[in-house]
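Q: With the sequence up front, the predicted model follows.
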Amino acid sequence: MKTLFLIKIGEISLKGGNRSFFEKKLKENIKNRFRGIPVTVKNRRGRFYVETEEQFAPLVQEGLSQVFGIVSFARSFEVEKNMESIRKVSCRLAGEAARQGAGTFKVEARRSDKNFPFNSMEICREIGHDVLEAIPALSVDVHKPEWQLNIEIRDRVYLYGRQIKGPGGLPVSSAGRGILLLSGGIDSPVAGYLMAKRGLKLDAVYFHTYPYTSDEAKQKVIDLSRILAPYLAGLNLFIVPFTEPQLAIKKKGPEAEVTILMRIAMMRIAQALAHQRNAGAIVTGEALSQVASQTTESIRVTGSFTDLPVFRPLIGMDKEEIIAIARKIGTFETSILPHDDCCTLFAPKRPVTRPKYEATREHYKELCLDEMLEKALNDAERVYSRVENLEK
Ligand code: ATP
Ligand code: MG
């Protein structure tokens, strides 16, 4: 038996002349998401159709809810283009819904094929009437139905009940590539998720300060990138050995500016990696005034060391809002594991909250870190997280 999912796309369908570009990316991403399992993907007139063997349906359902660009999807049934066939399958689906506890229903019909001899109103009326007769446990509620039967008359006829929400957004890779600064904390995985949602393909970079930060801290970041991978269409994580630059900053930089100087060094490496990887943006998990290095003045200084746009999707969010997303995408539990990151370990007791723009830039330049940073990036370890399609 085959299972068919009908997929609705939102914003993509508004893209006018660029629509086919976005549709092509989405199709590629859906295919890649299900590599290794038998799936066919088609798109026709603003709808996508994914067909698989019944045994893989739960896996495909889970996967579709992670592919950006999908607004909603539903398990659907393709029937012949006549009222008799529509009636038969409608009554069967309604019967199933009633057995699962639905007491009220409504029929919603869309006819894009105007040659079909009944219009949407007539279809709703006829089929609604037939369902009522066949399934006495159901009654009609057009305002708040517990179950809705959807009928789409297109080049073929599709029937479906419950619609499942997709993640929305735009297909990953439709907005080019970005470098995500991924620490083990709560914020940066959420920042990566949100930018991927707008179509950015991401590579991640983690600055590792061994032995000041432990192997467990590094493993935690690898685990986070594994959790993010299904949303991000796979993820390369670059683990940069950061101990030498960190110690140099600690030794030679003004004590109160250590964190911000370290942030600048991170930006420089992220920018160099962006050039290597053909990325056009940097992404961080900063939120305004969350800590000393995230004030307006601090962000101005760190941002001035790259000419790439720095996307900070959490900038206007409260911690509670960020945590809600972290829980939803499954990173929260891993993020709160108690392994320190380098920032807390090397943080000065009284960090500057309003660094002086010119002076701090000068202090950074005096450290002459360029060569050391170049070496650190060259020595980076690369860990790839692919999307796993394991049967449960
Ligand atoms: P997070 O929860 O993402 O760690 P945070 O609230 O702890 O953020 P900071 O530690 O000040 O904030 O870090 C701000 C941002 O800088 C992070 O969101 C992340 O993008 C980046 N960052 C910080 N430390 C690292 C690191 N060791 N490796 C890579 N990126 C980092
Ligand atoms: Mg942190």
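A: That came through fine. Note that the structure is a prediction, hence the values are computed from the model and not measured. Ligands and ions are numbered 1, 2, ... in the order given.
Q: Write out the residues of the protein neighbouring ligand 1.
A: By the rule Cβ under 6 Å from any ligand atom, the part of the chain lying against ligand 1 is 181-183, 185-188, 205-207, 266, 284-286, 290-291, 293, 341-343. All C-beta spots, glycine's among them, are computed from the backbone N, C-alpha and C.
Q: May I see the ChimeraX selection of the buried members of these?
A: Selecting only the buried entries of those in ChimeraX, with 16 or more other Cβ atoms under 10 Å as the criterion:
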select :181,182,183,185,186,187,188,205,206,207,266,284,285,286,290,293,341,342,343
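Q: Among the residues of the chain next to ligand 1, which lie within strands?
A: Among the residues of the chain next to ligand 1, the residues falling in strands (DSSP state E) are 181, 205-207.
Q: Could I get these in JSON lines, plus columns for distance to A74?
A: Formatted as JSON lines, these follow (distance: Cβ to Cβ, whole Å):
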{"residue": "L181", "distance to A74": "38"}
{"residue": "V205", "distance to A74": "39"}
{"residue": "Y206", "distance to A74": "39"}
{"residue": "F207", "distance to A74": "44"}
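Q: pretty sure T104 contacts H143?
A: No: using Cβ atoms under 8 Å, T104 is not in contact with H143, being 9.5 Å away.
Q: And those two? Which one has more around it.
A: Taking other Cβ atoms under 10 Å, T104 and H143 do not tie; T104 has more neighbours (15 against 6).
Q: Which residue is the nearest non-sequential neighbour of the residue of the chain at minimum distance from ligand 2?
A: Residue nearest to ligand 2 within the chain: G185 (3.4 Å; Cβ to the ion). Spatial nearest neighbour of G185, chain neighbours left out: S335 (5.9 Å); criterion: Cβ to Cβ, 6 or more residues apart in numbering.
Q: Return the distance of the one you found relative to L181.
A: 14 Å (Cβ to Cβ, to the nearest Å).
Q: for T295, same thing?
A: 18 Å.
Q: State the distance from the residue of the chain at minimum distance from ligand 1 to T360.
A: Closest contact between the chain and ligand 1, by Cβ to the nearest ligand atom, is at G185 (2.1 Å). Distance of G185 to T360, given as Cβ to Cβ: 23 Å.
Q: Ok, N32 next?
A: Distance from N32 to T360, by Cβ to Cβ: 43 Å.
Q: how deep is the residue nearest to G185 tucked in, by neighbour count?
A: 21.
Q: Likewise for V140?
A: Count around V140 with other Cβ under 10 Å applied: 13.
Q: With neighbour numbers in mind, choose between N32 and T360.
A: T360 (23 against 15).
Q: which ones are touching the more buried one?
A: 257, 260-261, 301, 352 (Cβ atoms under 8 Å, 6 or more residues apart in numbering).
Q: Can you tell me which of these has the most neighbours?
A: If you rank those by neighbour count (other Cβ under 10 Å), I260 sits at the top with 28 neighbours.
Q: can you tell me the helix or strand for that residue?
A: helix 258-276 (DSSP states H and E).
Q: Just name whatever secondary elements that helix is in contact with.
A: Counting contacts by 3 or more Cβ pairs under 8 Å, 6 or more residues apart in numbering; DSSP states H and E, helix 258-276 is packed against strand 177-181, strand 201-208, helix 243-252, strand 281-283, helix 296-303, helix 342-346, helix 357-366, helix 370-378.
Q: And that helix, what's buried?
A: 258-274.
Q: Mind checking if that helix is in reach of ligand 2?
A: No: using Cβ under 5 Å from the ion, helix 258-276 never reaches ligand 2; the gap is at least 10.6 Å.
Q: And the average pLDDT for that helix is what?
A: Averaged across helix 258-276, the pLDDT comes to 97.
Q: Likewise for stretch 370-387?
A: The pLDDT scores in stretch 370-387 average 96.
Q: now it: how far from the chain's centre is it?
A: Relative to its parent chain, stretch 370-387 has a centroid offset of 24 Å by Cα atoms, centre = their mean, to the nearest Å.
Q: Sweet, I'm off.
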